[in-house]
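Student: After the sequence you'll find the predicted model.
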Amino acid sequence: MIYPEIPLAQTVIQLCKAKQIKHIVISPGSRNAPLTIGFSNDSYFTCYSIVDERCAAFFAMGIAQHIKAPTAVVCTSGSALLNYYPAIAEAFYSDIPLVILSADRPKHLVGIGDGQTINQKEVFKNHILYSTNLKLDLDTTENQEDDLPIFKNLENKLERLLDLKQSIEATNSSSINRAINTAISKKGPVHINVPFNEPLYNTVTHATVFPEVIPPTLQDFTIDEQIIGGCRDIWQQANRKLVLVGVNYPNIISETHLNALAKDPSVIVFTETTSNISHPAFFPCIDKIISPLSNDDLEALQPDVLLTFGGLVVSKKIKAFLRQYKPKHHWHVDVKKANDTFFSLNAFIQTTPNVFLSKLLTQDIQTSSTYQAYWLSVKQDRNAKHEAYLKTAAYSDLTVFNQIFKTLPKASVLQLGNSSTVRYAQLFNIDPSVEVYCNRGTSGIDGSTSTAIGFAVSVPKQTVLITGDISFFYDSNALWNNYIPKNFRIILINNSGGGIFRILPGAKDTEAFDTFFETKHSLTAEHLCAMYGFEYLKSSTILDLNTVLTSFYNTGNSPKLLEVFTPRTVNDELLINYFKYLR
């Protein structure tokens, strides 16, 4: 076995291994050479070389999103580290565990004008669960001599140096343990800044340090009986109970509990595309229900109790509705945090949805109510009008998404780009066997492709990314990646600009709008596909699209990208008319 000579690098690597961090995403550099040497020479680790640090961090996040365990990213010093920030912010708000390992120069070389050097200590402090700046290994041959006490007696000096060395190693080991344990137990990003002195490339054949492994402390999520008793009393007396599920991993909430909610006539369950739960009695397309409602209808929908699970919510319409028509009681159930999204939060119940529902739904008591039945009839009417409109709608983003969602392979993974893509997805029913993901922590367009590729690398199922043109071209370095599975698919909706801005209020069809909002362009992905080894397909009509989709998902010799060209200027009008038609 080959190990880096530097003890601190050995400590980091050994503790990552002890805590079962298997996936290591490395961006090339010199200062991080000790970590790169150690990780890449240990067969336990699966290492990936991703040159662009922004892509590397989102790629790692995609892996962590699937395995639900920490993935590590490793970079050199300087601005390389700052390129991790978009993915770190996304992981922070999406509760995805990432371990950031940044190499650094020694303290005495920071702030003196040395190359590739910035102040890396706590650089992510607003969006990180824990950060630590490790201490440099003791080395009396270099500039550290000035910091050491002068002893009259050589024997005392050697003894003191040994004590200092052991103290530094123990402090570093403790900090690394705490950082990784935090990522595991609290589900989020942590930053370990690791200073290295030269020489960086020396190796040894045996480990010289053996750090203590401190296991993470797992939190107990039992509920106080008095709290659950109060919730149960309110729940059983309420005539209108609305359950809203935001971003949620598949198979998290028990089917038994979902069936119990569906069975209660006083309960309606609104689910987002990213909630990954399904039931015939639930409401998966929230905007179709809410958008056409009058004030009287909205008052009829106003819940007595709002129960929320999962992460952030996409639908602006449900946010606007619940902020105006506030529930009497709003409870959010989560193991980590509760956002007061609707300005009505009464209780944060820190446990899992299954634990909470098992306590809440202990008795088969169903409140007499017409709440669910009425809104199910509304849902049926909306679905009928939805289908009728699409039969006559002109070729557009809306009709393209309609066709794509009908053809997704069963039991596949769907990754959605942000902005228009995820919002269009909210209007369509997606097969319950399809797992759906989207970077909704910060809702940025910057890493959707990289995240999808990271996810695809770690899962045997086929992963399909649907993305818009601006998001795709923004993250095109994601394709600079040697690990993309052959069954990975990208569907790129190219309407020649940021089409979502045409839907928003404001003047359109002016030079300023075209340039600074919509960012009109004439780019295509064909040459990128040729450069990165993707099979390229395209369509510009529904007939073309249907023909291409018949074989698009089939096994091939390379990943594939389908570029669907849609009109630039009609999508906003067709979508506005769609919601008018639902009324």
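Tutor: That came through fine.
Student: If you count neighbours, what's buried in stretch 247-259?
Tutor: For stretch 247-259, burial by neighbour count (16 or more other C-beta atoms under 10 Å) applies to Val247, Asn248, Tyr249, Pro250, Ile253, His257, Leu258. Every C-beta, even on glycine, is put in place using the N, C-alpha and C of the backbone.
Student: Now the fourth one: closest residue in space, sequence neighbours ignored.
Tutor: Spelled out, it's Pro250. Asn276 (4.2 Å; C-beta to C-beta, 6 or more residues apart in numbering).
Student: Identify the residues contacting that neighbour.
Tutor: Asn248, Tyr249, Pro250, Asn251, Ile252, Glu435, Val436 (C-beta atoms under 8 Å, 6 or more residues apart in numbering).
Student: what's the first-to-last distance across stretch 258-276?
Tutor: 12 Å (C-alpha to C-alpha, to the nearest Å).
Student: Can you list the buried residues in that stretch?
Tutor: Across stretch 258-276, burial judged by 16+ other C-beta under 10 Å covers 258, 260-262, 264-276.
Student: Among the residues you listed, which ones are in helices?
Tutor: Among these, the members falling in helices (DSSP state H) are Leu258, Ala260, Leu261, Ala262.
Student: Rebuild those as CSV, extending it with pLDDT and distance to Ala238.
Tutor: CSV is the format used below for these (pLDDT from 0 to 100; distance: C-beta to C-beta, whole Å):
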residue, pLDDT, distance to Ala238
Leu258, 96, 19
Ala260, 95, 15
Leu261, 96, 13
Ala262, 96, 17
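Student: Among these, find me the one that's closest to Arg240.
Tutor: Leu261 (13.7 Å; C-beta to C-beta).
Student: From Ala260, how far out is the residue nearest to that closest one when sequence neighbours are not counted?
Tutor: Counting by C-beta to C-beta, 6+ apart, Val267 is the residue found nearest to Leu261 once chain neighbours are left out, at 5.2 Å. Going from Val267 to Ala260 by C-beta to C-beta, to the nearest Å gives 9 Å.
Student: do the same with Ile453
Tutor: For Ile453, the distance to Ala260 - C-beta to C-beta - is 39 Å.
Student: same question, Leu244
Tutor: Counting by C-beta to C-beta - Leu244 and Ala260 are separated by 17 Å.
Student: give me phi/psi at the closest residue to Thr217 other than its chain neighbours?
Tutor: Once flanking residues are discounted, Thr217 sits nearest to Ser185: 6.4 Å by C-beta to C-beta, 6+ apart. When read as degrees, to the nearest 10, the backbone of Ser185 gives phi -80, psi -30.
Student: Ok, the one 10 residues further on next?
Tutor: Its backbone dihedrals place Pro195 at phi -80, psi 140, with angles given as degrees, to the nearest 10.
Student: For it, give me its contacts.
Tutor: Leu8, Ala103, Asp104, Arg105, Pro106, Lys107, Asn133, Leu134, Lys135, Leu136.
Student: quick one: contacts for the last one?
Tutor: Think Leu136. Leu8, Pro106, Lys107, Gln144, Ile168, Pro195, Phe196, Asn197.
Student: repeat that with 7 Å
Tutor: Pro106, Lys107, Pro195, Asn197 (C-beta atoms under 7 Å, 6 or more residues apart in numbering).
Student: In terms of pLDDT, where does the residue nearest to Leu261 sit?
Tutor: Looking at Val267, its pLDDT is 97.
Student: looking at it, it is touching Leu258, isn't it?
Tutor: No - here Val267 lies out of contact with Leu258, judged by C-beta atoms under 7 Å, at a distance of 10.7 Å.
Student: Now the most centrally placed residue in the chain: closest residue in space, sequence neighbours ignored.
Tutor: Note on the chain: the residue nearest the mean C-alpha position is Asn439, at 4.2 Å, using C-alpha atoms, centre = their mean. Closest residue to Asn439 apart from its sequence neighbours, by C-beta to C-beta, 6+ apart: Glu90 at 5.2 Å.
Student: looking at this, the one you found is in a helix?
Tutor: Yes - under DSSP: H, G, I helix; E, B strand; the rest coil, Glu90 sits within a helix.
Student: can you map out the strands along the stretch 1-150 of the chain?
Tutor: For the stretch 1-150 of the chain, the strands defined by DSSP state E, counting those that start in this stretch occupy 3-4, 23-26, 46-49, 71-75, 98-104, 130-133.
Student: List just the one of those that sits closest to Asp544.
Tutor: strand 46-49 (35.7 Å).
Student: care to break this structure down by domain?
Tutor: Taking automatic domain parsing as the reference, the chain has its domains at 3-200, 225-375, 393-582.
Student: Which of the ones you listed sits closest to Ile214?
Tutor: Between the domains of the chain, domain 3-200 lies closest to Ile214; by C-beta to C-beta that is 4.1 Å.
Student: How far does the closest one sit from its chain's centre?
Tutor: 23 Å (C-alpha atoms, centre = their mean, to the nearest Å).
Student: State the distance spanning the first to the last residue of it.
Tutor: With C-alpha to C-alpha, one end of domain 3-200 sits 12 Å from the other.
Student: And the closest residue to Asn557 other than its chain neighbours, how far from Leu479?
Tutor: Spatial nearest neighbour of Asn557, excluding adjacent residues (C-beta to C-beta, 6+ apart): Lys486 at 6.5 Å. Using C-beta to C-beta, one gets 14 Å for the distance from Lys486 to Leu479.
Student: swap in His206?
Tutor: In terms of C-beta to C-beta, His206 sits 41 Å off from Leu479.
Student: Please say which of those two ends up with more neighbours.
Tutor: Between His206 and Leu479, Leu479 has the larger neighbour count (other C-beta atoms under 10 Å), namely 22 against 7.
Student: residue contacts, that one?
Tutor: Leu528, Tyr532.
Student: Same question for Ile2.
Tutor: If you count contacts by C-beta under 7 Å, 6+ apart, then Ile2 has Ile37, Asn41, Thr203, Thr205 around it.
Student: before we move on, back to that, so which of the contacts of Leu136 comes closest to Gly229?
Tutor: Comparing the contacts of Leu136 against Gly229 with C-beta to C-beta places Pro195 closest, at 53.6 Å.
Student: State the pLDDT value of that closest one.
Tutor: 96.
Student: Over to Thr362?
Tutor: 82.
Student: likewise Gln144?
Tutor: 47.
Student: now swap in Gly499 and tell me
Tutor: On pLDDT, Gly499 comes in at 66.
Student: got it, and Gly115?
Tutor: 75.
Student: That one - nearest residue in space that isn't next to it in sequence?
Tutor: Gly78 (7.9 Å).
Student: list the contacts for that neighbour?
Tutor: Gln116, Thr117, Ile118.
Student: same thing but 10 Å
Tutor: Gly29, Arg31, Ser102, Ala103, Asp104, Arg105, Asp114, Gly115, Gln116, Thr117, Ile118, Gln120 (C-beta atoms under 10 Å, 6 or more residues apart in numbering).
Student: Give me the phi and psi for it.
Tutor: The phi and psi values for Gly78, taken as degrees, to the nearest 10, are phi 90, psi -150.
Student: now do Phe565
Tutor: Torsion angles, degrees, to the nearest 10, at Phe565: phi -90, psi 130.
Student: how far away is it from Ser167?
Tutor: 64 Å.
Student: And these two? Which one has more around it.
Tutor: More neighbours surround Phe565 than the other of Phe565 and Ser167, with 19 against 12 (other C-beta under 10 Å).
Student: can you pull the pLDDT of that one?
Tutor: 96.
Student: can you tell me which residues contact it?
Tutor: 400, 469, 492-496, 524, 538-541, 544-545.
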